[in-house]
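Enquirer: please find the sequence and the predicted model below.
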Amino acid sequence: MRMKKAIRNLFRFDEPYHRFELKETEPKGTPSFFAHKKAQRARFRAYKGTLSKDLNANRKDLYAVFHGARNSDLILRTFSVGDRVQAIAASLNGMADDTKIGDFILRPCHHANPDLLPKRDIGAYLCEHVLSMAETELSSDREAVIRAVTEGRTAILIDGEAEAILADTRGYVSRPVGEPQNEMTILGPKEAFTENIRTNITLLRRILKRPDFVCAFRDAGSTDHARLVIAYLDGVVNPSLLREAEARLDRIRTNDTLTLGRVEQLMEDYTYLPLPQMLKTERPDRAASAVLDGRIVLLIEGSPFAGVLPITLGTLLESGEDRDMRQPVGTIVRLIRIIGAVLSLYLPGYFLALALHHPGQLSGEILETVIASRAMVFLPLSIEMIFLLLVFQLVREAGLRVPGSIGQAIGIIGGLLLGQAAVSANIVSTVALIIVALTGLGNFAIPDYSAQIAVAYYRILLCVAATFGGLLGLFAAGLCSAAILCSVKSFGVPFLTPFAPVTKRKGGLFARAKLENRAKASDWSNPQRRRV
Amino acid sequence: MNLRIGAFGRQEAASAVWIATFTSGCFAFDNHAQFADGNAACLTYAGAALLSLLLFEAVVAVLRRRRGRDLLRLFGNAKWKSVLALPLFFSLLLAAMQPLQLFLVTVTEYIFVEARQVSICMVLLPCLLLLTALGAETLVRTSRLLLPLLLVSVAATLLLAVSQYRTYRLFPIPLGSAKKLVAEGAGTLFRTFSPLLALLCIGEGSQNVRAMQSAGRIGALGGMLTTGLLLLGLGLSFSYVQLREMPSPFFRLLIEVRTENPTMRLDRATLFLWMSAAMLSSAFYLYAACVLLAKTCGIADIRPLAICVSALAVTLILVLYYDSDTTVAILRGLYRFAWIAAIVPIPLLLLGNRKGGGECDLSASHC
């Protein structure tokens, strides 16, 4: 659908340019504050209505809604309250904790004194005097009851009452908090997000002990009704940005199971840009830092990552422990990382351009070495380089998909044995191998995995440009890429902020700024107030 | 309207003007006239720069008085607006062609000697199309990124060439032939005023007229200073007789630097960096020309115009390639008298249509 729209836009020139942009003077056309609630209401329209006073009718209704005949997960446990009133505890197996239901709902209800039970409002009485649950609420809304059961809560339906008690019995099996796998640091904290959204919120709340830290639950937009949390600092985050994020989430209608990567693709503006427009981090400290900076964090059920928006290119080149290091060391590390990224992007293309089109730019010694190393190689230099770059990616992909130590072994075998064998067999030259090895090392210096992949494949494009046009092709491709990056906005924020456009920055990209005692958010996301 | 002007700040607009002024100033087509009887380049350049700035200030003052945000406001509802817009459009088109034309000559003469001009243009065209179609916001932001690299490369070139500077090469300064100086200055005026004209055309994207004014001032002064320094470096490195015959003296300077410092093999990389700046400034001019035409003729979308105008510019560069006496004569004539198209409509705009000036759609504080 997006492809169709993109092709249509190429040939139609009458459509206005209406991408969301975060401006100081907000346009009037932003979505209304309650847009997402309307959309959610529409989504659950089929379940609208109120509960019946007839217990049997409610039971049949729930049974039909949850397709009880085929859905064995639905538990409709009939019991009596104080041997006087019939009730049903409706829950989903695996989502609700059986022990909680047994110990804190069924047992107290069985032992309830029938003489003390009122004739009306039994639900309210049970909540106040019988149930030993921390979180209970009364609801007569059919939609709320259905939603509660899908979330793992238990709905207690009472005979003669048009209200159900919704008790929080959520307790499903989840992975314990572990160490980050992709964003490992030496000095930083060792905690990582898990697939459990509640645990993830707790991890954030443990860092951000503030009353204005809001974690708003909502439906992610998939047909499986996965839950999603929008976390932000109320009063700091730009309200227009928040509304835009909510409006984009409202537009998600998918039959697919939602993960953070899919949510990002469904929310972003520039689908065909290889670089990500949302930061995916598995570190709670990094997500919390982004929240303090006036940005929005998305958490989604089943995803061990948090999505940070908006981002800039600088965000993708930052590491979690940058601010934990001492300033000079941090600056050097960051510079090395940027040099690595630039080498990774341009080195193979630049070498190809010089060797193929401008050999006079290489010194005699280097030229002799190149010629000598390629004496018996039958592949043309450009094909050899692109082949090696692809093999490098192959080894890397294979290493990633194979578990644990075997993956590391594949990397070593691929790197050493395959490279050595290829040189011995005169398939590749040693110079090309060195260039690709340096490029690969530089690529690993980029902290963000999505950015690593984008750079890895984009440099092949630069190699092609350099092969056909030499330095002219390489510079032309570089200029076009820079222009495209300048035109990109991540949720309304220009991607190359704070350089183009220039804004007041909290820390430099090249040199890490000295840490100062200041409680201010970065101004590039145009927060409501900068003082946090 | 989908003109893709966007919104940009002072630094970005100043960077775009800076780069455009530098490329237009350095990659001048007609060395023969500039160095005919001595080194008149710096002298005429300074005079032309001063006049351009004065003209820009006059336009901005009128804009502020009439509460307009760009040059198009001065056209108002006049029936003859397309008559005035056409020469401005052609002057911007010529301004865009000039640096690219010189680059085509440099690349085919010195680097890809066996390549055909069409092959080189096939690399330039897609770049130019993309840059022009992306719009003003992208162009000025890309300029902001490129400017520091450009300045470092110019400074490094000038510093590394110090050993071959000879003061006597600056002489003679042809002060005697005032008529020639004025004629040459008028030609240079076209190159110094074009960046400011382009900025005036896209002024709607800047925060307000004051921001546009300061961006124009800073960018033009910076660009003129950089160009002046490079022209001075060229004058100190080569005699006027040598410069008169060189098709692209700045590249010769780069080669000299490399000969003096064999470890610094960056002449080609520097050349192509400057080429990127030239492409960017050409796209800047072409985009401004497109905006001018679109607003005058009421065209809603900039992209078809951008594609057509970019293709037209590259075609003209190919057709008027610097390879025969006839084309050289045509080009010299075009660039020598292009100032008429760029400058003459401005006083007419400033003086005429006082009542019909466009109304500002923003509050007074913005103007």
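Expert: Yes, it's here. Residues are numbered from 1 along each chain as shown, chains lettered A, B, ... in the order given.
Enquirer: quick one: distance of stretch B:112-125 to the chain centre.
Expert: 22 Å (C-alpha atoms, centre = their mean, to the nearest Å).
Enquirer: which parts of that stretch are buried?
Expert: Residues of stretch B:112-125 classed as buried by neighbour count (16 or more other C-beta atoms under 10 Å in any protein chain shown): B:112, B:115, B:117, B:120-121, B:123-125. No exception for glycine: its C-beta is placed from N, CA and C like everyone else's.
Enquirer: hmm, that stretch in reach of chain A?
Expert: Yes - residues of stretch B:112-125 contacting chain A under C-beta under 8 Å from any C-beta of the partner chain: B:112, B:120, B:123-124.
Enquirer: nearest to chain A, of those?
Expert: Chain A lies nearest to B:V123 out of the residues of stretch B:112-125 next to chain A, by C-beta to the nearest C-beta, at 5.0 Å.
Enquirer: so the closest one is in which element?
Expert: B:V123 belongs to helix B:117-134 when assigned by DSSP states H and E.
Enquirer: just checking, what packs against that helix?
Expert: helix A:449-487, helix B:81-106, helix B:136-160, helix B:267-297, helix B:302-319 (3 or more C-beta pairs under 8 Å, 6 or more residues apart in numbering or on different chains; DSSP states H and E).
Enquirer: any idea which of those helices is most buried?
Expert: helix B:267-297 (a mean of 26; mean count of other C-beta atoms under 10 Å in any protein chain shown).
Enquirer: distance from the chain centre to it, please.
Expert: Averaging C-alpha positions (C-alpha atoms, centre = their mean) puts helix B:267-297 8 Å from its chain's average.
Enquirer: next one: stretch A:245-258
Expert: Centroid displacement of stretch A:245-258 relative to its chain, using C-alpha atoms, centre = their mean, is 14 Å.
Enquirer: ok, which of the helices and strands packed on helix B:117-134 comes nearest A:L116?
Expert: Checking those against A:L116 by C-beta to C-beta gives helix A:449-487 as the closest, at 60.5 Å.
Enquirer: which elements pack onto that closest one?
Expert: helix A:313-316, helix A:327-356, helix A:381-401, helix A:430-444, helix B:117-134, helix B:136-160, helix B:267-297.
Enquirer: what is the rounded mean pLDDT of that helix?
Expert: Average pLDDT, helix A:449-487: 93.
Enquirer: give me the contact list for the lowest-mean-pLDDT helix or strand in chain B.
Expert: Every helix and strand in chain B was compared by mean pLDDT, DSSP states H and E; the lowest is helix B:31-34, with a mean of 70. Helix B:31-34 is contacted by residues B:28, B:40-41, B:44, B:183-184, B:187, B:243-247, B:249, B:332, B:336 when judged by C-beta atoms under 8 Å, 6 or more residues apart in numbering or on different chains.
Enquirer: just the CA atoms of that helix, as PDB, please.
Expert: Output in PDB follows, covering the C-alpha atoms of helix B:31-34 (Å, rounded to 0.1, in the frame of the first residue of the first chain):
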ATOM      1  CA  ASN B  31      39.500  34.500 -17.000                       C
ATOM      2  CA  HIS B  32      40.500  36.100 -20.200                       C
ATOM      3  CA  ALA B  33      38.700  39.300 -19.500                       C
ATOM      4  CA  GLN B  34      39.600  39.300 -15.800                       C
END
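Enquirer: can you name the next helix or strand after it?
Expert: Downstream of helix B:31-34 (by DSSP H and E), the next one is helix B:41-65.
Enquirer: quick one: name whatever helix or strand follows that following helix.
Expert: Criterion used, DSSP H and E; the element after helix B:41-65 is helix B:71-75.
Enquirer: packing partners for that following helix?
Expert: By 3+ C-beta pairs under 8 Å, 6+ apart, helix B:71-75 packs against helix B:41-65, helix B:81-106, helix B:178-201, helix B:267-297, helix B:345-351.
Enquirer: returning to that earlier point: just the closest of the buried residues of stretch B:112-125 to B:A283, please.
Expert: Nearest to B:A283 among these is B:L124, at 10.4 Å by C-beta to C-beta.
Enquirer: tell me how far the least confident helix or strand of chain B lies from the chain's centre.
Expert: 18 Å.
Enquirer: A strand includes A:Q86, no?
Expert: Yes - per DSSP: H, G, I helix; E, B strand; the rest coil, A:Q86 lies within a strand segment.
Enquirer: tell me if I'm right that it and A:R59 touch.
Expert: No - A:Q86 is not in contact with A:R59 according to C-beta atoms under 8 Å; the separation is 10.0 Å.
Enquirer: so which of those two has more stuff around it?
Expert: Per other C-beta atoms under 10 Å in any protein chain shown, whichever of A:Q86 and A:R59 has more neighbours is A:R59, with 18 against 14.
Enquirer: want to try TSV for the helices and strands packed on helix A:449-487, with mean pLDDT and distance to A:E268 as columns?
Expert: Converted to TSV, these look like this (pLDDT from 0 to 100; distance: least, C-beta to C-beta, whole Å):
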stretch	mean pLDDT	distance to A:E268
helix A:313-316	88	14
helix A:327-356	91	22
helix A:381-401	87	24
helix A:430-444	90	23
helix B:117-134	91	18
helix B:136-160	93	18
helix B:267-297	92	26
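Enquirer: would you list these in a markdown table and tack on distance to B:V17?
Expert: Output for those, formatted as a markdown table (distance: least, C-beta to C-beta, whole Å):
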| stretch | distance to B:V17 |
| --- | --- |
| helix A:313-316 | 25 |
| helix A:327-356 | 28 |
| helix A:381-401 | 39 |
| helix A:430-444 | 35 |
| helix B:117-134 | 16 |
| helix B:136-160 | 8 |
| helix B:267-297 | 9 |
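Enquirer: and of those helices, who's closest to A:F491?
Expert: Of all the helices and strands packed on helix A:449-487, helix A:313-316 comes closest under C-beta to C-beta, at 12.1 Å.
Enquirer: wait, does that closest one contact chain B?
Expert: No - using C-beta under 8 Å from any C-beta, helix A:313-316 never reaches chain B; the gap is at least 10.8 Å.
Enquirer: determine the set of other helices and strands touching that helix.
Expert: Using 3+ C-beta pairs under 8 Å, 6+ apart, helix A:313-316 is in contact with helix A:449-487.
Enquirer: following the helix it packs on, which helix or strand comes up?
Expert: Downstream of helix A:449-487, the next assigned helix or strand under DSSP H and E is strand A:489-490.
Enquirer: so that following strand, near chain B or not?
Expert: No - Strand A:489-490 is not in contact with chain B by C-beta under 8 Å from any C-beta; minimum separation 9.9 Å.
Enquirer: so which bits of chain A are right by chain B?
Expert: Checking chain A against chain B by C-beta under 8 Å from any C-beta, the hits are A:13-17, A:21, A:23, A:357-358, A:360-363, A:469-476, A:478-480, A:482-484, A:486-487, A:494, A:496, A:499-502.
Enquirer: can you do 6 Å?
Expert: Within chain A, the positions near chain B by C-beta under 6 Å from any C-beta of the partner chain are A:13, A:16-17, A:358, A:361, A:469, A:471-472, A:475-476, A:479-480, A:482-483, A:486-487, A:500-502.
Enquirer: what sits closest to whatever residue of the stretch 201-350 of chain A ends up closest to chain B if chain neighbours are left out?
Expert: Across the stretch 201-350 of chain A, no residue is closer to chain B than A:Y350, which sits at 8.3 Å (C-beta to the nearest C-beta). Leaving aside its sequence neighbours, A:Y350 sits nearest to A:L474 (C-beta to C-beta, 6 or more residues apart in numbering or on different chains; 6.5 Å).
Enquirer: just B:G25 next, same as before
Expert: B:T227 (3.3 Å).
Enquirer: with distance to A:L157 added, can I get the helices and strands packed on helix B:71-75 in CSV?
Expert: Converted to CSV, those look like this (distance: least, C-beta to C-beta, whole Å):
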stretch, distance to A:L157
helix B:41-65, 73
helix B:81-106, 76
helix B:178-201, 71
helix B:267-297, 66
helix B:345-351, 79
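Enquirer: weakest of those in terms of mean pLDDT?
Expert: Minimum mean pLDDT among those: helix B:345-351, a mean of 80.
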